[in-house]
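Student: Please find the sequence and the predicted model below.
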Amino acid sequence: MSEKVCEVKNLTYYYPKSDKGVKNVSLYVNKGSIVGLLGESGCGKSTLAKCISAQLTPESGEIICKKIGYIFQDNYASLNPAKKVGWLLKETIKYANPEKYFEYEKRIKNILDDVELDETVLEHYPSELSGGQRQRIGIAMALLSNPDILIADEPVSALDVTVQKQVIKLIKKLNERKNLAILFISHDIKVVREICNYIYILKDGELVEEGESETLFTNPSSEYTKNLLDSSYLE
């Protein structure tokens, strides 16, 4: 039986004085799987991710997750522009895994190997890196806490198509090499189909369908999913 590394039960959260949020959402992610959370912009995907990662406090429901690493959509905003990459990685180790700080040089070298960057990036500020390099640094920082699950919140939406493919390939490699669970959040149907084993469909803050990736794409049951898939094929 597969080991669950993250489970959400009947989670509800609404923003103050708003009808925007998520309602009664339940999902789970097994060890080693890549699970997609798919829906149009504004449907509540990032809200759910922020609740799971304790950036927001749900009104009700239960979250049972092992250690989480978070990959942000805006890789530039998530990196301190006044600090060089080497400092950012050292501070991440100091905060996330202080007992290992004494071997930070080895850990930084290993993590750069994992995300396929060379050590020259350590002397650069985030603004001096490409979007793809910054996202790899964001992934490296998420990995430095030795997470059981990565929450990837629209991790390739700000990248051009060529760089998107490179980052998706990297995420797949990390999943396979480390047997790492990933909750992959996106509005891009083609990207989700390429990378995810299992998919949840979110509409207006509520789950409307879930299933194995190929089953869902070839035989969707909800009208919303059918329309969502049809619109993607017209693009």
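Tutor: Arrived safely, thanks for sending.

Student: mind showing which ranges of the chain have poor pLDDT?
Tutor: Along the chain, the parts satisfying pLDDT under 70 run over 1, 100-101, 232-235.

Student: Strands of that one, start to end?
Tutor: 4-14, 21-30, 34-38, 60-65, 68-71, 149-153, 181-186, 198-203, 206-212 (DSSP state E).

Student: can you tell me which residues contact the residue nearest the centre of the chain?
Tutor: Closest to where the C-alpha atoms of the chain average out (Cα atoms, centre = their mean) is Ala152, at 0.7 Å. Ala152 is in contact with 71, 171, 182-185, counting by Cβ atoms under 8 Å, 6 or more residues apart in numbering. (Glycine included, C-beta is placed from N, CA and C.)

Student: What residues does Asn97 make contact with?
Tutor: By Cβ under 8 Å, 6+ apart, Asn97 lies in contact with 144-146.

Student: how far away is the closest residue to Gly42 other than its chain neighbours from Ala54?
Tutor: Of all residues not flanking Gly42 in the chain, Lys20 sits nearest, at 7.5 Å (Cβ to Cβ, 6 or more residues apart in numbering). Distance, Lys20 to Ala54, using Cβ to Cβ, to the nearest Å: 20 Å.

Student: ok, now Ser231?
Tutor: 34 Å.

Student: circling back to that earlier point, okay, now the residue nearest to Gly42: neighbour count?
Tutor: For Lys20, the number of neighbouring residues by other Cβ atoms under 10 Å comes to 13.

Student: and it, what does it touch?
Tutor: 14, 42, 44, 47, 205 are the contacts of Lys20 under Cβ under 8 Å, 6+ apart.

Student: re the thing from before, out of the contacts of Asn97, which end up buried?
Tutor: 144-145 (16 or more other Cβ atoms under 10 Å).

Student: Would you map the helices across the chain?
Tutor: Ranges of helices in the chain, per DSSP state H, are 45-52, 85-96, 104-114, 131-143, 161-178, 189-195, 213-218, 223-233.

Student: would you turn those helices into CSV with mean neighbour count and distance to Lys9?
Tutor: As requested, the helices of the chain are exported to CSV (neighbours: other Cβ atoms under 10 Å; distance: least, Cβ to Cβ, whole Å):
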stretch, mean neighbour count, distance to Lys9
helix 45-52, 23, 12
helix 85-96, 18, 27
helix 104-114, 16, 32
helix 131-143, 23, 25
helix 161-178, 15, 25
helix 189-195, 18, 23
helix 213-218, 15, 22
helix 223-233, 14, 23
